[in-house]
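**Q** Below are the sequence and a predicted model; questions follow.
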Amino acid sequence: MTTITIEIEADEYADSPREWRSACALFLGGNRGINETEVLFSDHDTTDSFEAAVLETLPAGAYALPVYHYTHGNVALSTSPIPNPHLGFDSGRAGVAFAFPGTEIEEVEAELSEYAQYLNGEVYQVSVEGAGIDEACGGFYSGDAIREFVSEALAGVVL
């Protein structure tokens, strides 16, 4: 009998998706419990003045979307306000996303969701060992991607 071991663990060395994903430029304020602030709004009196100043530097067709957060144990990010049962002390406007021309709002939402997964430590590594297999990979953000990796690792194995 052949034993195959599949291990799924948190990927402690995952790169931030902000390093390789670029549907938008993301600017978050630092006082919202989000630990990877890229830019603070300190040079502007309001978020609106910041948005206007940045939009002037971007190509025609770029647009700004508000970024809201809910931080209560974990982080949720969205371009729509997030309902909060905790009277609002741990939610609200966190910043702005500048979408590049041709970018759909759904792409920005997907990028925010993936970034929140990263902030929450919801990125995984997988190893498959046994029956002549020794495969390992990290940086998985979804169960579908994990299943695909495992299926490919087990391709050709007769159980």
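**A** Done, it's in. Predicted, not measured: the structure shown is a model, and the values here were computed from it. Numbers count the residues shown, from 1 in each chain.
**Q** that's a helix at residue 147, yeah?
**A** Yes - applying DSSP: H, G, I helix; E, B strand; the rest coil, one finds residue 147 inside a helix.
**Q** ok, residue 2 - how many residues close by?
**A** Neighbour count for residue 2, taken as other Cβ atoms under 10 Å: 10. All C-beta atoms are positioned from the backbone trio N, CA, C, and that covers glycine.
**Q** Quick check: which element contains residue 135?
**A** strand 133-140 (DSSP states H and E).
**Q** Give me the helix or strand of the chain that scores worst on average pLDDT.
**A** Every helix and strand of the chain was ranked by mean pLDDT, DSSP states H and E. The lowest is helix 47-55, at a mean of 74.
**Q** Beyond that one, next helix or strand please.
**A** Downstream of helix 47-55, the first helix or strand assigned by DSSP H and E is strand 63-72.
**Q** Can I get that following strand in CSV, CA atoms only?
**A** Extracted C-alpha coordinates of strand 63-72, given in CSV (Å, rounded to 0.1, in the frame of the first residue of the first chain):
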residue,chain,number,x,y,z
TYR,A,63,-10.7,56.9,-12.2
ALA,A,64,-10.8,56.9,-8.4
LEU,A,65,-12.8,54.5,-6.2
PRO,A,66,-13.2,54.8,-2.4
VAL,A,67,-11.7,52.0,-0.3
TYR,A,68,-13.6,51.0,2.8
HIS,A,69,-12.4,48.7,5.5
TYR,A,70,-13.8,46.6,8.4
THR,A,71,-11.1,45.6,10.9
HIS,A,72,-12.3,43.4,13.7
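**Q** what separates that strand from the chain centre, distance-wise?
**A** Chain-centre distance of strand 63-72: 13 Å, with Cα atoms, centre = their mean, to the nearest Å.
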